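Trainee: Structural data only, the sequence is not supplied:
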């Protein structure tokens, strides 16, 4: 695609736009570059070994569980939202906007109220010896609330852009609905689904506001960054922040690159 | 035999159609846009599960038999009818070969290749089998769409304006291809079109549909000779309702005329030539009638020598007559009436 694009002779408009774009990029990227330049890598390693390992694993495994739940339930939900135009589904869509628009801190408070030891669900769980506060379950719940909408909305958009005529053609050719979903709908929605997954994953692993309210323990990476900042200051927090970036960013970036490749290769 | 009926009222949309198409023939559903033609095909293909009152029987097998929303409804993927939607595309992520043999997974490769071979050859698709659809031209894509539609030998082909996006030349090539396919496979074809020429060229019977109702069914020839109402006649290209010397109304068609006075063929009109312009291979002449001053267009051969300002006489050949309320009426005593029946 990019090879086909011809470079236009620069005019004032393009120069102006390029200027604006580079300002935006500088604004977004300069802090990150400054971080990379100023951190001493010996300190980074020490800090990671000292206080990074346990939070890293907690963060990783909880967010993978969250993502599994999100994909399992979010994919069919996204499909339904894309294909059903009736009122109940429109209302569902609005309801999904709520966690997206609510401040994470408020989500955390609601979760404590609802799932906490004295809340309606928490007390029931307590009978079974399960705690939904200050536990891994609590972390997962908080991550779910923060990241579900990102995946579901991306899946909805991905399914909606699949031409339904192609699905009908497949059915008409004698291929049943489930096979049609596997052979037509899913492959065509795949790029959009992976982007949704990556965004959602970045939200889940970076979830802080809701997590710190319901699950101060076990420390996740974002929470331990906050603690390091509070107790030891910026020099201790920065290496952990770098660690979070290293585990949180690669997946979205790879997905983005892969998508560009896929677009160049296959899709419309 | 394919027998279909559907009755559906939903808001401003009405559909009330009964159709029966002999096996192995082509029936064109012809009518203006938004007449409900596409809805009929959708209902047949099984993509209209909401329709409460519909039935479909193909060669004695019931595929749909519903009254008041209950009864038999065979899902689309079990009907063995192939529905080619308007603007149908290939699956963009599969190669041309994977597209064409998409619905035939049970056959092993050698078998499916051998029986489709002549068709792939005829459609000129052989060099492109391993390409992706986006590398193909529009015409090749349409051919591949037809090839895919016949690859698992459907007993009925439902084609919804399959050639409307193509240029004249290519359209004719594909029409011929479909006719050839239809003769070879002996399948029943329902063809939705709003182009009269396409319907006349392809169909054994034409079913005219207006506002969700069947207004007339017949062979292409019959429809042209005997449109039942003037409204139908207009859909078939008749442009004006004129009066003959006795004051009776007949429908005038620009191409169904002959210059000169030929009273044994039909009513004679007189007028003055206002202008002329080329129309496809012929020439069209704009004539203001002496009687009533109406301006009509009529086709002539380019061999005819006609000047602007000249006064001409022409004969409308065997026109359909209509009562004042627009219904057709037969005039038994007219001399050309007998000659037509003799010729049929």
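Mentor: Noted; the coordinates are in hand. Quick caveat: nothing in here was measured; it's all calculated off a predicted structure.

Trainee: in the strand or helix carrying residue A:140, what counts as buried?
Mentor: With secondary structure defined by DSSP states H and E, residue A:140 is part of helix A:136-160. Going by neighbour count (16 or more other CB atoms under 10 Å in any protein chain shown), the buried part of helix A:136-160 is A:136-159. Every residue, glycine included, has its C-beta placed from N, CA and C.

Trainee: now it, how far from the chain's geometric center?
Mentor: With CA atoms, centre = their mean, to the nearest Å as the basis, helix A:136-160 stands 7 Å off its chain's centre.

Trainee: helices or strands next to it in the packing?
Mentor: When contacts are defined as 3 or more CB pairs under 8 Å, 6 or more residues apart in numbering or on different chains; DSSP states H and E, helix A:136-160 sits against helix A:53-83, helix A:87-101, helix A:104-115, helix A:186-205, helix A:209-214.

Trainee: Measure how buried residue A:22 is and give me the count.
Mentor: 10 (other CB atoms under 10 Å in any protein chain shown).

Trainee: The residue of the stretch 201-344 of chain B at minimum distance from chain A - how many residues pack around it?
Mentor: The stretch 201-344 of chain B approaches chain A most closely through residue B:202 (20.7 Å), counting by CB to the nearest CB. For residue B:202, the count of nearby residues is 23 (other CB under 10 Å).

Trainee: Next: the one 4 residues further on.
Mentor: Each residue near residue B:206 was counted by other CB under 10 Å, and the total is 28.

Trainee: try the one 4 residues further on
Mentor: Counted with other CB under 10 Å, residues neighbouring residue B:210 total 17.

Trainee: Model confidence score at it, please.
Mentor: The model reports residue B:210 with a pLDDT of 91.

Trainee: separation between residue A:201 and chain B?
Mentor: For residue A:201, the distance to chain B (CB to the nearest CB, to the nearest Å) stands at 25 Å.

Trainee: Am I right that that residue is in contact with residue A:252?
Mentor: Yes - Residue A:201 lies in contact with residue A:252 (CB atoms under 8 Å); the separation is 7.1 Å.

Trainee: which one of the two has more residues nearby?
Mentor: Legend: neighbour count by other CB under 10 Å for residue A:201 and residue A:252, higher for residue A:201 (24 against 17).

Trainee: so which residue of the stretch 51-200 of chain B comes closest to chain A?
Mentor: Closest residue of the stretch 51-200 of chain B to chain A, CB to the nearest CB: residue B:103 (3.1 Å).

Trainee: Report the secondary structure state of that residue.
Mentor: coil (DSSP: H, G, I helix; E, B strand; the rest coil).

Trainee: Now for the residue nearest to it when sequence neighbours are not counted: which residues touch it?
Mentor: Excluding its sequence neighbours, the residue lying closest to residue B:103 (CB to CB, 6 or more residues apart in numbering or on different chains) is residue A:173, at 3.1 Å. Contact analysis of residue A:173 by CB atoms under 8 Å, 6 or more residues apart in numbering or on different chains lists B:77, B:82, B:102, B:103, B:148, B:152.

Trainee: Mind picking the two most distant members of those?
Mentor: B:77 and B:148 (15.0 Å; CB to CB).

Trainee: neighbour count winner among the two?
Mentor: Neighbour count, other CB under 10 Å: between residue B:77 and residue B:148, residue B:148 has more, with 25 against 18.

Trainee: Just give the closest residue to that one, not the sequence neighbours.
Mentor: Leaving aside its chain neighbours, residue B:148 sits nearest to residue B:100 (4.8 Å; criterion: CB to CB, 6+ apart).

Trainee: Test my guess that residue B:144 contacts residue B:100.
Mentor: Yes - counting by CB under 8 Å, residue B:100 is a contact partner of residue B:144 at 6.3 Å.

Trainee: so what sits against both of these two?
Mentor: residue B:125.

Trainee: more neighbours, those two?
Mentor: More crowded of residue B:144 and residue B:100, by other CB under 10 Å: residue B:100, with 27 against 24.

Trainee: And that one, how far from residue A:195?
Mentor: Using CB to CB, to the nearest Å, residue B:100 is found at 31 Å from residue A:195.

Trainee: what does residue B:300 give?
Mentor: Relative to residue A:195, and taking CB to CB, residue B:300 is found at 64 Å.

Trainee: Mind pulling up the pLDDT for the residue of the stretch 201-344 of chain B closest to chain A?
Mentor: 92.

Trainee: And for the one 5 residues further on?
Mentor: Per-residue pLDDT puts residue B:207 at 94.

Trainee: Now do the same contact list for it.
Mentor: Contacts for residue B:207 (CB under 8 Å, 6+ apart) come out as B:19, B:27, B:28, B:29, B:30, B:214, B:216, B:217.

Trainee: Great, nothing more from me.
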